[in-house]
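> Here's my sequence, what's the structure:
(one chain, ligands or ions: 1)
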Amino acid sequence: MDNFKIDLDADGILVCAFDVPNKTMNTFTKAALADLEKIAERAKTDAGVKGVILTSGKDNGFCAGADLEEMIGGAWEAESGDDEQSKLKAAFNAAFEMNRVYRLLETCGKPVVAALNGLALGGGLEVSLACHYRVLSNGPKVQVGLPEIKIGLFPGGGGSQRLPRLIGAQAALMAMSEGKSFKPQEALGAGVVDELADPDKVLDAAKTWIKTKGDPVARWDKKDFKIPGGGPYHPAGAQVFIMGNALLRKQSYGNYPAVINLMHAVYEGLQLPIDQAIRVESRYFCNTLMTPQAKAMIRTFFFSMQALGKGAGRPAGVPKSDVTKVAVLGAGMMGAGIAYVSALAGIETILIDRDQASADKGKAHCEDLLKKAVSRGKMSQDKATGVLNLITATPDYAKIEGADLVVEAVFENTDLKEQVTKAAEAPLYSGAKADTAIFGTNTSTIPITLLATASSKPENYIGVHFFSPVDRMPLVELIRGEKTSDATVAKAIDYALKIKKTPIVVNDSRFFFANRCFIPFTAEGMIMWSEGIAPALIDNAGRMTGMPRGPLEMMDDVALDLLTKITSETAKAMGDAYEPIPGEKEVAQMVADGRYGRKNGKGFYDYPEQKGAPKTLWQGTLDAFPVKMAEADPAQVEELKKRLLYVQAVTAARCFEEGVITDPREADVGSILGWGFAPWSGGIVSLMDAIGIAKFVEELDRMTALYGKRFAPPQLLRDMAKNGETFYSRFDKAGKKAA
Ligand code: NAI
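Just a heads-up that it's a prediction; the model follows:
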């Protein structure tokens, strides 16, 4: 057997250590499932086998789930057949394979225990649920859970049927619809596992259970089995589904087929014996897999994220570099955050500001973040002390010497940035690493090529654009100036990966890629406001698109004074070409009246002081433009949603046309990680591909006539429509044509 190491001990216990060859982590492939079937068969037919233990032969965990490429690829391939009926059957069989084999194990007639000596996620936890008993290691990094929903799927290896039978429908639905993972104590408390043991005692505990109790029948296969908390036919159980439905709809606005299908599978499956229930699960799973939403989410959240996490956008042929010393200029909100994530990755960090007190303030912010991490049990005190010791707060530019990289994050002012660039480059380009060091700017609006004119080595100058708050936002947008070299891009990517951020590489353009696409979302909200559409309606429609918040509340979060400043700077820079956005004067007036947004409790909304109390719309928001549309019928709501999403998407299309961004994977991942673009779509490019470019162009033409040229489709889209192309086929960077 290739994937399991088998040992029959003196007590007749068959210990099967999952150990996929040449992989650091176990995942279920077809071959591994075939091996598991052989184990089940042996347990059933070999009288010498008294019990079975599934454990891991690897020291980093039991199993991370199914091998998505192979297992899901199988169902998708099946879909390409001609005849509808056989296509569906083949897809079902591919989806059912895991369920079929796990059930064989569950009914092999011998007690089976999962001895989980580390993490068990997705299919890894699901096979454990098909065991009769679960012992989990109480080691520090151990977690178990069913995270499938995060990539647009739901548990399809029996998890949606066994977890509710084990811990009740309500707890199971909550865990599965959030993709929650459980730490050992939580897992025991919730009843997901039966016993905890020290890492080196897990196997012993499993053996003891087989020898002392060793019940070979799953609880749901027993006659008197009752679903904890009641099934859907039970009054209490029925409540769970009534409430659950409403709750899930409120959270997801029906945007996620996986969430809806999960509810169906649990509701219907719990009314059936397990053998039929797992078939119901596979049917809904298969249906989910075939939706454009799941396909796009899997591509973006799994394959593309993984590829970018390995530096997919990195120029070829440049040797890997290791950034060990960074200097950050400006210890304000962004600079302090950049220093924090750098030191956290073990990088020596020099944090520079105008004077010692300002630099210290930045370091104090890092200390606060570390204290929080320690108090939440996420970091040891020793580690926190070590991280803090890596940060030197100083006004002394000479300390930059020997750095691999400078990240500049001083005020957004061209003259100041030019001045500090010159001051920092002197020690940077004269020290030990003078030949290889690079300079990054965190500017959010100033063209990189313009700032690079202050640099003595413009080929080593690059935009390194972080998002706020830096410690939490996972994206870094790297911006090439006209002269930025490949070696500089590669080094910046190496740095981004080292600090555990996902990098995307874009070319210089006003607001680069992320903010350029995001700003039209808030602008569209302002335009709607100026048209007399009720603000509550605007923000509700915004949320219904799947964006994290509506456009007006988002403006409050970003800060109205900052947005007004950006607007006036843009107007200044663009001169006659600038076209004012309806509503911008009214927002400027709000700022003049001291309404800065959430940060001072006053913006489009009023924010109550007591924590957790809901915000309320400020009356002035309603007075600025008389409300003409206070309510909307479903068709009108759809139109508002379209405006808010399409205005962003058409901007992304323009970025492709202008070569600002060139890889659809970077655009999709960037849109979701950078500004929370509707995750159900798989990202801003997947949205356009799913609509179909021809249909999208048709809609844009209609909307241009109604609302103006901000919706006008660029020639690129018309060409693609004519050729029947998608973004993923035209701009294929993965090396294989994706759907
Ligand atoms: P901030 O105002 O919080 O911090 C700027 C810091 O620069 C201050 O601590 C200031 O004392 C320091 N500084 C000024 N002159 C200096 C000098 N000569 N030498 C060293 N330090 C000096 O500003 P924030 O928000 O941190 O922004 C910094 C940069 O990051 C700006 O370019 C901004 O556009 C950009 N950015 C801001 C984002 C945000 O959400 N706030 C997001 C992405 C980029």
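> What is the burial count for the residue in the chain positioned nearest to the ligand?
The ligand sits closest to Gly332 of the chain, with a gap of 1.7 Å, by Cβ to the nearest ligand atom. All C-beta spots, glycine's among them, are computed from the backbone N, C-alpha and C. By the criterion of other Cβ atoms under 10 Å, Gly332 has 15 neighbours.
> if I pick it, what's in contact with it?
353, 362, 409-411 (Cβ atoms under 8 Å, 6 or more residues apart in numbering).
> The same query, at a cut-off of 7 Å, please.
362, 409 (Cβ atoms under 7 Å, 6 or more residues apart in numbering).
> what about Ala277, how many neighbours?
When neighbours are counted by other Cβ under 10 Å, Ala277 comes out with 24.
> Quick check: nearest residue in space to it, chain neighbours excluded?
Leaving out its chain neighbours, the residue that sits closest to Ala277 by Cβ to Cβ, 6 or more residues apart in numbering is Gly269, at 3.7 Å.
> Surely that neighbour is in contact with Glu281?
Yes. Counting by Cβ atoms under 7 Å, Gly269 does reach Glu281; the two are 5.7 Å apart.
> quick one, which of these two is more surrounded?
Neighbour totals were compared for Gly269 and Glu281, and Glu281 leads with 29 against 26 (other Cβ under 10 Å).
> Correct me if wrong: the more buried one contacts Gln161.
Yes. Using Cβ under 7 Å, Glu281 is in contact with Gln161, at 5.4 Å.
> what sits in contact with each of these two?
Gly269.
> distance of Asp67 from Ile53?
According to Cβ to Cβ, to the nearest Å, Asp67 and Ile53 sit 23 Å apart.
> more crowded one of these two?
Ile53 (25 against 20).
> For the more buried one, identify the helix or strand it belongs to.
For Ile53, the host element (DSSP states H and E) is strand 51-56.
> same thing with Asp322?
Applying DSSP H and E, one finds Asp322 in no helix or strand.
> Find the least confident helix or strand in this structure, judged by mean pLDDT.
helix 68-78 (a mean of 72; mean pLDDT, DSSP states H and E).
> I'd like the next helix or strand past that helix.
helix 84-106.
> Tell me which residues of that following helix come out buried.
88, 90-92, 94-99, 101-106 (16 or more other Cβ atoms under 10 Å).
> Keep only the residues you listed that also lie close to the ligand.
By Cβ under 6 Å from any ligand atom, no member of the buried residues of helix 84-106 lies near the ligand.
> Could you report the distance from Leu188 to Asp204?
17 Å.
> more crowded one of these two?
More neighbours surround Leu188 than the other of Leu188 and Asp204, with 17 against 13 (other Cβ under 10 Å).
> Name the nearest residue to the more buried one, ignoring sequence neighbours.
Excluding its sequence neighbours, the residue lying closest to Leu188 (Cβ to Cβ, 6+ apart) is Leu196, at 5.3 Å.
> and the protein, which residues reach the ligand?
Close to the ligand, as judged by Cβ under 6 Å from any ligand atom, the chain has residues 329-335, 352-354, 358, 409-412, 416, 420, 442-444, 466, 468.
> Where helices are concerned, which of those residues count?
Counted as lying in helices by DSSP state H, out of the residues of the chain next to the ligand, are 333-335, 358, 416, 420.
> Could I get those residues in JSON lines, plus columns for neighbour count?
JSON lines is the format used below for these (neighbours: other Cβ atoms under 10 Å):
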{"residue": "Met333", "neighbour count": "14"}
{"residue": "Met334", "neighbour count": "22"}
{"residue": "Gly335", "neighbour count": "26"}
{"residue": "Ser358", "neighbour count": "17"}
{"residue": "Leu416", "neighbour count": "13"}
{"residue": "Val420", "neighbour count": "23"}
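> Can you add pLDDT and give these back as JSON lines?
Converted to JSON lines, these look like this (pLDDT from 0 to 100):
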{"residue": "Met333", "pLDDT": "95"}
{"residue": "Met334", "pLDDT": "97"}
{"residue": "Gly335", "pLDDT": "98"}
{"residue": "Ser358", "pLDDT": "98"}
{"residue": "Leu416", "pLDDT": "97"}
{"residue": "Val420", "pLDDT": "98"}
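> For the helix or strand where Leu14 lies, give me every contacting residue.
Here Leu14 is covered by strand 13-18, with elements defined by DSSP H and E. The contact list for strand 13-18 (Cβ under 7 Å, 6+ apart) reads 3-9, 26, 39, 42-43, 49-57, 62-63, 207, 210.
> now the helices for the stretch 151-300 of the chain?
Taking DSSP state H, counting those that start in this stretch to define them, one finds helices in the stretch 151-300 of the chain at 159-167, 169-178, 184-190, 202-212, 235-252, 257-269, 274-289, 292-297.
> what does the stretch 301-450 of the chain give?
305-309, 333-344, 356-375, 381-389, 414-428, 448-451.
> Deepest-packed of those helices, please.
With neighbours taken as mean count of other Cβ atoms under 10 Å, the helices of the stretch 301-450 of the chain reach their highest mean count in helix 333-344, at a mean of 25.
> Distance from that helix to the middle of the chain?
Offset of helix 333-344 from its chain centre (Cα atoms, centre = their mean, to the nearest Å): 21 Å.
> ok, now stretch 382-398?
So, by Cα atoms, centre = their mean, the centroid of stretch 382-398 is 30 Å from its chain's centroid.
> Tell me, please, where in the protein the pLDDT is lower than the cut-off.
Confidence mapping of the chain against pLDDT under 70 gives the ranges 73-82, 735-739.
> Relative to Arg730, how far out is Ala721?
11 Å.
> And the helices in the stretch 551-700 of the chain?
551-558, 560-574, 584-592, 619-624, 634-657, 664-675, 684-691, 693-707.
> Report the buried residues of the longest one.
It refers to helix 634-657. 639-656.
> And for the second one?
Taking 16+ other Cβ under 10 Å as the basis for neighbour counts, the residues of helix 560-574 that come out buried are 560-564, 566-567.
> do the same with stretch 581-601
581, 583-584, 586-588, 590-591, 595-598.
> now swap in stretch 206-213 and tell me
For stretch 206-213, by 16+ other Cβ under 10 Å, it's 206-210.
> Residues contacting it, please?
Contact with stretch 206-213 is made by 11, 13, 50-51, 53, 111, 113, 115, 133, 135, as judged by Cβ under 7 Å, 6+ apart.
> which among those residues end up buried?
13, 50-51, 53, 111, 113, 115, 133, 135.
> For those residues, which two are the farthest from each other?
Farthest pair in those (Cβ to Cβ) is Lys50 and Val135. Separation: 17.3 Å.
> How about the contacts made by Leu119?
61-62, 64, 142-143.
> would a markdown table of the residues you listed with secondary structure be doable?
Formatted as a markdown table, these follow (DSSP: H, G, I helix; E, B strand; the rest coil):
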| residue | secondary structure |
| --- | --- |
| Gly61 | coil |
| Phe62 | coil |
| Ala64 | coil |
| Val142 | coil |
| Gln143 | coil |
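> Kindly supply the PyMOL command isolating those of those that are buried.
Burial among those is assessed by 16+ other Cβ under 10 Å; the matching PyMOL selection reads:
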select buried, resi 61+62+64+142+143
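> Mind picking the two most distant members of the contacts of Leu119?
It's Ala64 and Val142 that sit farthest apart of the contacts of Leu119, by Cβ to Cβ, at 12.8 Å.
> From the structure, what's the count of residues near Lys602?
By other Cβ under 10 Å, neighbour count at Lys602 equals 19.
> That one and Ile260, how far apart?
From Lys602 to Ile260 the distance is 39 Å (Cβ to Cβ).
> One more: Ser444?
38 Å.
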